[in-house]
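Asks: Here is a sequence together with a model predicted from it:
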Amino acid sequence: MPGGPEPPQRRPLLSVRHLSKSFGPVRAVDDVSLDVYPQEIVGIVGDNAAGKSTFLRLLTGYHQPDGGEIFYRGRPVRISSPRTSRRELGIEMIYQDLSLAPDLRVWENVFLGEERRRLGIFLDAGAMREATADALAKLGAPISPSELFANLSGGEQQAVAIARALLFEREIIIMDEPTAAISLGKVQEVLRLVAELRARGHTVLIVSHRLEDILQVSDRIAVFSHGKILRVVPNEGLRIEDLFRMMFESA
Ligand SMILES: Nc1ncnc2c1ncn2[C@@H]1O[C@H](COP(=O)(O)OP(=O)(O)OP(=O)(O)O)[C@@H](O)[C@H]1O
Ligand SMILES: [Mg+2]
């Protein structure tokens, strides 16, 4: 696990070069290159259909690229499935709709597909509940592991998904519109958790239409338009109108 007192590393954790993905005639991701460094938050902005979600899905193995390369710590990788992305590259994607199970409890959602067993057979509910409580406590999220997931607010559900990434020590956490479906009052809570992830040594890629959220948490911002990255800018002295202008300037 990264983090702790080491100085920031200069070598990219993840690099993509000339990545492309088309759906029929639509060039959803078109010759995209980007470096992502350890322990940074990269914000991704762009108009609807700019290719942001497709780009993220190439990193999580949900789609396969038509062309281009992905490097993890300098080594070329093929992300053949979401499982490869999670287990081999330590990438966890948190979807807006979360794809978690509403009728299960919080701890069951955290361990969904990753259940711990005793003697290889019996589910170790006690250990899983305890580990969930521990992860939620680390995040400072006051949620009971035994609560039904459906009873949580959108922001609390995001916190559970983030706890899952924390518990399995995913190095890179990818969030597609984490604040879109939650009440304004909970937005700050989710953004605090995003910053907490970085403080704990993780790297975060975050897509949002809420430019103020992106400006609040990101170290650098990649501006997408028509499948391309127009530019990547450090988040220094930027205002919403600057980002807005960049999103709509021609490539
Ligand atoms: N599975 C798919 N099949 C066909 N076309 C797709 C598919 N996924 C995305 N597209 C198309 O690719 C383009 C990029 O879509 P994408 O969802 O990546 O954009 P986005 O930047 O995430 O947009 P939004 O901000 O609305 O979420 C769009 O034209 C979209 O219609
Ligand atoms: Mg999208």
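Replies: In hand now; what should we look at? Numbers count the residues shown, from 1 in each chain. Ligands and ions are numbered 1, 2, ... in the order given.
Asks: rest of the way, CA atoms for contacts and neighbours
Replies: Noted.
Asks: mind listing the strands for this structure?
Replies: Here the chain has its strands, by DSSP state E, at 14-23, 26-36, 41-46, 67-72, 75-77, 91-94, 117-118, 122-123, 172-176, 203-207, 220-225, 228-234.
Asks: residues touching D47, list them.
Replies: Residues counted as contacts of D47 (CA atoms under 8 Å, 6 or more residues apart in numbering) are 209, 224-225, 247.
Asks: Ok, G68 next?
Replies: 16-20, 31.
Asks: cool, D31 as well?
Replies: Applying CA under 8 Å, 6+ apart, we find D31 in contact with 17-20, 68, 227-228.
Asks: Next: E108.
Replies: Counting by CA under 8 Å, 6+ apart, E108 touches M128.
Asks: per-residue pLDDT, it?
Replies: Per-residue confidence at E108 stands at 93 (pLDDT).
Asks: what do you get for M1?
Replies: 46.
Asks: Give me every residue in this protein lying close to ligand 1.
Replies: Proximity of the chain to ligand 1 (CA under 6 Å from any ligand atom) is limited to residues 23, 26, 28, 47-54.
Asks: Listing request: residues of the stretch 1-150 of the chain with sub-threshold pLDDT.
Replies: Low-confidence segments of the stretch 1-150 of the chain, defined by pLDDT under 70: 1-9, 96-99.
Asks: In it, what residue spans correspond to helices?
Replies: In the stretch 1-150 of the chain, the helices defined using DSSP state H, counting those that start in this stretch lie at 52-59, 82-89, 106-110, 125-139.
Asks: ranking these by burial, who's on top?
Replies: helix 106-110 (a mean of 26; mean count of other CA atoms under 10 Å).
Asks: Show me how far that helix is from its chain's centre.
Replies: Distance of helix 106-110 from its chain centroid, counting by CA atoms, centre = their mean, to the nearest Å, is 19 Å.
Asks: And for stretch 88-107?
Replies: 11 Å.
Asks: Can you give me every residue that contacts the residue of the stretch 51-200 of the chain found nearest ligand 1?
Replies: Closest residue of the stretch 51-200 of the chain to ligand 1, CA to the nearest ligand atom: G51 (3.2 Å). By CA under 8 Å, 6+ apart, the contact list for G51 reads 28-29, 224-228.
Asks: is the closest residue to R86 other than its chain neighbours in a bridge, and if so with what?
Replies: Spatial nearest neighbour of R86, excluding adjacent residues (CA to CA, 6 or more residues apart in numbering): E92 at 5.7 Å. Here E92 sits in beta bridges with I173, as judged by DSSP bridges.
Asks: quick one, what contacts E92?
Replies: By CA under 8 Å, 6+ apart, E92 lies in contact with 60, 85-86, 165, 170-174.
Asks: Neighbour-wise, give me the winner out of the residues you listed.
Replies: Greatest neighbour count in these, by other CA atoms under 10 Å, goes to I172: 29 neighbours.
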